[in-house]
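In: here is a sequence together with a model predicted from it:
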2 protein chains.
Amino acid sequence: MIESANSRFIGIHNSSDLQPLLKLNPVVDHNLFDLNLIPVTAKWLSVRHAVFHRGDFFVFEPFKPDNLMHVLHDDLLPAYLTMYKLCHGEMGECVRRWRPLLRSDSLPSPLAPLYAALWDNPPTLTGDLDPATPHCFERSHVGLRSDSLWYQYGFERPQSPLPTPYLQREHLDDFRAHLLSRLGATVGGGDPQPPQSGYVLLLSRTESRLILNEAALSAALAARLGRPVRRLALEETSLSAAAALAAGAHLLVGMHGAGLALALLLPPGGAVLELFPYGLRPERYRPYQRLCQLRGLGYRAWVNTDPASSVVPGPEATPDRGGIGHLDDTERQRVQTLQEVPETLCCSDPAFLYRVYQDTMVNTAAVSAAAEAALASARSRRRRTRGALFFPGPARHLTAQAEGDSRLLEWRPPVNAAPEVVSYRVWVRQGERVGEYRVRRPRLTVAAECGLCRLQVWVRTEVDGRPGPVAHETFELDEPPV
Amino acid sequence: MIESANSRFIGIHNSSDLQPLLKLNPVVDHNLFDLNLIPVTAKWLSVRHAVFHRGDFFVFEPFKPDNLMHVLHDDLLPAYLTMYKLCHGEMGECVRRWRPLLRSDSLPSPLAPLYAALWDNPPTLTGDLDPATPHCFERSHVGLRSDSLWYQYGFERPQSPLPTPYLQREHLDDFRAHLLSRLGATVGGGDPQPPQSGYVLLLSRTESRLILNEAALSAALAARLGRPVRRLALEETSLSAAAALAAGAHLLVGMHGAGLALALLLPPGGAVLELFPYGLRPERYRPYQRLCQLRGLGYRAWVNTDPASSVVPGPEATPDRGGIGHLDDTERQRVQTLQEVPETLCCSDPAFLYRVYQDTMVNTAAVSAAAEAALASARSRRRRTRGALFFPGPARHLTAQAEGDSRLLEWRPPVNAAPEVVSYRVWVRQGERVGEYRVRRPRLTVAAECGLCRLQVWVRTEVDGRPGPVAHETFELDEPPV
């Protein structure tokens, strides 16, 4: 922050006003990302030969750039929605104008293309800047919105979905379309529904948490669902190829893990089947279930209930991969005999890691049935999806006339609906009496309840049960009743 | 709202989601400005030969465009701050890009230049558009922020200041500078303080609420304050000339009324003296007092306490100018004998109007003394104004070493302050024990409280009583104490 007569620090009076506010990443209950702002003068900068960078910079810090779920959930979706607001939805202009500036020494290569894809300019990393001098950025926007986060990882309380009152399905659809087009991975011209002939995408983890009978599962799924099954191993596939595969898949099947974040790229109307190793309760681990719910995708979880089909981490496994060799005997025995992992905090509970890093020989019949149920739930969600936004406009040009003992009310139909489909609810108040009416035509005759008293009229339009706004007028009638 | 596959109605599911949200003017407790949005299709528009307007439109509805206070408080300051947020403070670009579109048939000529001044493009009025066809605007922003409103006019409860947690003095200074420069009325190159030789600006109302001895008051003020007094009658002066006069005035003196909204254009450090006719309690009518408080200007109110110096509205006065000929005898007598107007609602209370439309022969000595007090209060406010924003950065490169029975902590001073002016508060935790220290140099030696136990250190920098952020490190010491 440079101090001068023209500086404006709105809402900032001292360092504590900044301390809790500025975070470079919005992850819940994780405060690694605080940013220290300090005021300096222009002279301070010139004495130190500051480097000036021209342009508009979009600044944040990647949370965990080697994990697909974290990259999408903690960095790129928040970045996309922050830019959406910053540029009032003009995303083409936005990704041209704003250049990403990431506080990071380097980005791991497999997922780095995702960061590069969002903007026209490649990310600038703070690690690439000469640390010997201060750096000035002509214009910058710092930090990410947190209102798209749908999950907290359990740093302070067991992991759970977050309320997302702001996040709409359309945000996720737009983010998907943006990312796919930037990755050059658009499929099927953005059809709202996947073709009925769509394929099943079977996620294959190659290093841990394996499906030991993957080929048999693939065959069983193809037979049961009557669809081709394609295999995707993220470690062996380019990111844009993986994105294109997800973008065209009807159903995504895979073990619990970051690969399921590809659900963000499934076509609308698709579905996910998430597989859990023995001893884990799916209700406790819901990042992907919640994502499917937000996107309106079908979802089912399947958990292996047969310990004999499960292979626990071996003596060679490190603690972070579920190894338990470092535990004392009592603790090791406790972990081994637990039949169900209790609620734990992130990120190093040995009982959780021991179970989540099991390999599984899945029951192909049961998984295929669950896959069918996932597809069925997608179909029923499609049916429940509301139609296009429509409601009638207000009644217009409301008039009232006294005709003897009657009062004649008339108005014009709304501009945006055919007159014959519109009905009206009308409330008429004369003195203290209020009458309520329903009519199909834009007129109504009511008996006079009092002489020259004031007439108040409210008319609400309605088409197919969808109400429009209320029109309201007050009339002081000139002609007394006969 | 045009419906198509590419439409996005974020947060909107039916008409009631829009009804209470969209207001074309933010005035409190006044719902004239609701906007009916209705969905239509592109076909609907083409059938009706809609007119397309290219560009970015900034849409709102003027509240009361014939009154300076209302124009500034309800329309232009909210519009300025809405644009400030819309364009992230880049106001030059903002007023080029966004074109004002006002729902209005016409703007009264005296104040219309104010609306024209804010933007590069002159306002488009809905009254000038052909009503026979629909009109489409390529891009639009509808409505104004309400968080700059500092006053509510008493529609539902007696008038009173509003809380303005967001509004900062800098917003008002920026708005003033923007408006003055756009009106071509900049004075004195934007000096932060008015020259000590600054003049007094005496507002002269020419149609109502007169100061009957204006010339004598002018002479008394000049004699008492030793400054020239200039007279400003808004009805006789161009808006840019009036703005330039206000921009250079040291003290603004005038009867309660919209002209005092010129306080928005006074230089920082200026002052206002507001005069009230007999029978009004200044504490009940505080729009200008509150404005002065927000801008950090001096302020005093003076009220005429001598009924003999007051001329009440005559029999020719209409009710809206304080006439009471239309009242029945009892009510008329009540109004005439009330010595103080009670709290009333806006906008037609006869007792209030009867008193506020009095002309006054002011006590020139008392008013001059109040003027001196207003200037003195401005001086004391200037002294209280805080200095520039400054606080030290954090301590850097915090290290700890075990040296026998001691622990040596060291760090580097903050980058933005000379080392000799910085002091440090340090908290050291060893096991359960926490020690607190104050040091002038970036190092501290503490006695070891436990052997290999963990050492946690917090360091807060401080310069001239201004604290910086806290640096924190945890150390697991390698070398056990001897």
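Out: Thanks, I have it.
In: my guess is A:D56 contacts A:N121. True?
Out: No: counting by C-beta atoms under 8 Å, A:D56 stays clear of A:N121, with 10.0 Å between them. Every C-beta, even on glycine, is put in place using the N, C-alpha and C of the backbone.
In: list residues touching both of the two?
Out: Common contacts of A:D56 and A:N121 (C-beta atoms under 8 Å, 6 or more residues apart in numbering or on different chains): A:R99.
In: ramachandran coordinates for the closest residue to chain B within the stretch 201-350 of chain A?
Out: Nearest residue of the stretch 201-350 of chain A to chain B, counting by C-beta to the nearest C-beta: A:P268, 11.3 Å away. Main-chain torsions, A:P268, degrees, to the nearest 10: phi -50, psi 140.
In: that one - how many residues pack around it?
Out: Neighbour count of A:P268, defined by other C-beta atoms under 10 Å in any protein chain shown: 20.
In: please report how far it lies from A:F175.
Out: Separation of A:P268 from A:F175 (C-beta to C-beta, to the nearest Å): 13 Å.
In: neighbours of A:P228, how many?
Out: By other C-beta under 10 Å, 14 other residues sit near A:P228.
In: again with the one 10 residues further on
Out: Neighbourhood size, A:S238 [other C-beta under 10 Å]: 13.
In: list the buried ones in the lengthiest helix in chain A?
Out: Longest helix in chain A, counting residues (DSSP state H): helix A:364-384. Residues A:364, A:367-368, A:370-375, A:377-378, A:381 are the ones in helix A:364-384 that count as buried (16 or more other C-beta atoms under 10 Å in any protein chain shown).
In: now those residues as JSON lines including pLDDT and distance to B:D17?
Out: Output for the buried residues of helix A:364-384, formatted as JSON lines (pLDDT from 0 to 100; distance: C-beta to C-beta, whole Å):
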{"residue": "A:T364", "pLDDT": "98", "distance to B:D17": "47"}
{"residue": "A:V367", "pLDDT": "98", "distance to B:D17": "42"}
{"residue": "A:S368", "pLDDT": "98", "distance to B:D17": "42"}
{"residue": "A:A370", "pLDDT": "98", "distance to B:D17": "37"}
{"residue": "A:A371", "pLDDT": "98", "distance to B:D17": "37"}
{"residue": "A:E372", "pLDDT": "97", "distance to B:D17": "37"}
{"residue": "A:A373", "pLDDT": "97", "distance to B:D17": "34"}
{"residue": "A:A374", "pLDDT": "97", "distance to B:D17": "32"}
{"residue": "A:L375", "pLDDT": "96", "distance to B:D17": "33"}
{"residue": "A:S377", "pLDDT": "93", "distance to B:D17": "28"}
{"residue": "A:A378", "pLDDT": "92", "distance to B:D17": "27"}
{"residue": "A:R381", "pLDDT": "77", "distance to B:D17": "22"}
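In: closest to A:V28 among those?
Out: Minimum separation from A:V28 among the buried residues of helix A:364-384 (C-beta to C-beta) is found for A:R381, which lies at 27.4 Å.
In: pretty sure the closest one sits against A:L297.
Out: Yes: counting by C-beta under 8 Å, A:L297 is a contact partner of A:R381 at 7.3 Å.
In: which residues are common contacts for those two?
Out: In contact with both A:R381 and A:L297: A:G269, using C-beta under 8 Å, 6+ apart.
In: would you check that A:E473 makes contact with A:H397?
Out: No: contact status for A:E473 versus A:H397: not in contact, 9.5 Å apart, counting by C-beta under 8 Å.
In: show me where pLDDT drops low in the stretch 51-200 of chain A?
Out: Across the stretch 51-200 of chain A, the ranges flagged by pLDDT under 70 are A:186-197.
In: cutoff 50 now
Out: A:188-195 (pLDDT under 50).
In: got the residues of it near chain B?
Out: The stretch 51-200 of chain A comes close to chain B at residues A:86, A:88-89, A:141, A:166, A:168, A:170-171, A:174, A:192, as judged by C-beta under 8 Å from any C-beta of the partner chain.
In: out of the residues you listed, which one sits closest to B:M255?
Out: Of those, the one sitting nearest to B:M255 (C-beta to C-beta) turns out to be A:H88, at 44.1 Å.
In: list the contacts for the closest one?
Out: Counting by C-beta under 8 Å, 6+ apart, A:H88 touches B:86, B:141.
In: what are the phi and psi values for it?
Out: Phi and psi for A:H88, reported as degrees, to the nearest 10, are phi 50, psi 40.
In: now do A:A263
Out: For A:A263, the backbone dihedrals (degrees, to the nearest 10) come out as phi -60, psi -30.
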